[in-house]
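Novice: A structural model of the following input is requested.
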Amino acid sequence: MLDSITHAFTGVTSEDAADGAQSVVTFLLDKPLKIVIVLLICWVARFLLMRVIGRVATGIATGAGKLGGGGRRNGLLESSPLLNERRQQRAETLASVLKSTVTFVLGILAVLVVLDTIGIAIAPFLASAGIAGVALGFGAQALVKDFLSGVFMLAEDQYGVGDSVDLGDASGTVEAVGLRVTRLRDVKGTVWYVRNGEIVRVGNQSQGWARAVLDVSVAYGENLARVQEVLQRIADDLVAEDDWRPLVMDAPEVWGVEKMTTDGIVLRLVVKTRPMQQWAVQRELLRRIKAVFDAEGIEFPLAQRTVFLRHDDHAPQARRLNDPAAAVTPQPPAPSEADVAAQDAAAADPGSTNRGL
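Specialist: Just a heads-up that it's a prediction; the model follows:
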């Protein structure tokens, strides 16, 4: 009876209404609900990954966490503003790269799943992405290489702001570290920009500790045992002073004779120092060694050279033959005093010559 009345007024039977309601429910559960679930899953995954990346970056910035197994300390720079800046820059760079990568990957994945859900074929998009990836790989190899090298360099903490490094073609103090280039300034003040992908080797003089190495030359006539005692005493006196004690990490050592040259004997003195302090300690030791050696009468070697002189009897003649002045017509010798007196007497008495004849 109810179905008849409803059909009379609306023209729709209960079966048609049930089919329509089922179609609406099917549409809502099949398309939009799937899209919402996919977006929700991507958002939750991004949220969790961002929190993980944030925790890792915080650990790097505070020194509590290390990536790449680089659990080292920077000696005197520990707890310094320079080291804090280095850690902060490293943490921010890594966090920015990882967050951008996660957002990009999850965004592309969500877009592809949504397109497939609403019935759009994603095979052409995947093919186009593959072709674009190949073209990008061939056209931007250097750029990709620079970025990948920068990521691994930061993750392994090979060097950072404030380190004194040797990168092969350029060496100096690192001023900035990026994903593509590293900026450093050498001792002359020149700023170098080095691409991370072109760095083959890194010599870091700021990791953990450093060593001041002094090769001191003395004359062959000096007593080597006495010279070694003097060098040891100079180094020990330096370490005992309050101004220099914080810069030295271990007792100085005189290793002995390093080599023997034509000019003298070379003795080696080494001092283990804090990072970046080896040059200051070395300069001070050289100054003190010069003063003490002068006071103790220890002689520095002078350059010894052997000079051979060859005497050649034909050399003067050769010089005369080669000398343009010697090629002039030779002049008669000057008259002697007797010849001059005879000429004067003849001039005074002209008739004497005729009488003689």
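
Novice: hey, where'd the helices end up in the stretch 151-300 of the chain?
Specialist: Taking DSSP state H, counting those that start in this stretch, the helices of the stretch 151-300 of the chain run over residues 224-240, 278-296.

Novice: what is the last one packed up against?
Specialist: Meaning helix 278-296. strand 210-218, helix 224-240, strand 265-273 (3 or more C-beta pairs under 8 Å, 6 or more residues apart in numbering; DSSP states H and E). In short, each C-beta sits where N, CA and C put it, glycine included.

Novice: what's the angle between that helix and strand 265-273?
Specialist: 140 degrees (axes from the mean of the first three to the mean of the last three C-alpha atoms, to 10 degrees).

Novice: dump helix 278-296 to PDB, keeping only the CA atoms.
Specialist: C-alpha atoms of helix 278-296 as PDB (Å, rounded to 0.1, in the frame of the first residue of the first chain):
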ATOM      1  CA  GLN A 278     100.000  23.700  16.600                       C
ATOM      2  CA  TRP A 279     101.200  26.700  14.700                       C
ATOM      3  CA  ALA A 280     101.100  29.000  17.800                       C
ATOM      4  CA  VAL A 281     103.100  26.500  19.900                       C
ATOM      5  CA  GLN A 282     105.500  25.900  17.000                       C
ATOM      6  CA  ARG A 283     106.300  29.700  16.600                       C
ATOM      7  CA  GLU A 284     106.800  30.200  20.300                       C
ATOM      8  CA  LEU A 285     109.100  27.200  20.500                       C
ATOM      9  CA  LEU A 286     111.200  28.400  17.600                       C
ATOM     10  CA  ARG A 287     111.600  31.800  19.200                       C
ATOM     11  CA  ARG A 288     112.700  30.300  22.500                       C
ATOM     12  CA  ILE A 289     115.100  27.800  20.800                       C
ATOM     13  CA  LYS A 290     116.900  30.700  19.000                       C
ATOM     14  CA  ALA A 291     117.300  32.600  22.200                       C
ATOM     15  CA  VAL A 292     118.500  29.600  24.300                       C
ATOM     16  CA  PHE A 293     120.900  28.400  21.600                       C
ATOM     17  CA  ASP A 294     122.500  31.800  21.400                       C
ATOM     18  CA  ALA A 295     122.800  31.900  25.200                       C
ATOM     19  CA  GLU A 296     124.200  28.300  25.400                       C
END
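
Novice: quick one: average pLDDT of it?
Specialist: Helix 278-296 shows a mean pLDDT of 94.

Novice: report the buried residues of it.
Specialist: Counting neighbours by 16 or more other C-beta atoms under 10 Å, one finds that the buried residues in helix 278-296 are 278, 281, 282, 284, 285, 289, 293.

Novice: quick check: chain neighbours aside, which residue is closest to the last one?
Specialist: In space, not counting the residues next to it along the chain, residue 293 is nearest to residue 300; the distance is 6.8 Å by C-beta to C-beta, 6 or more residues apart in numbering.

Novice: contacts only, for that neighbour.
Specialist: With contacts defined as C-beta atoms under 8 Å, 6 or more residues apart in numbering, residue 300 is in contact with 217, 218, 219, 264, 293.
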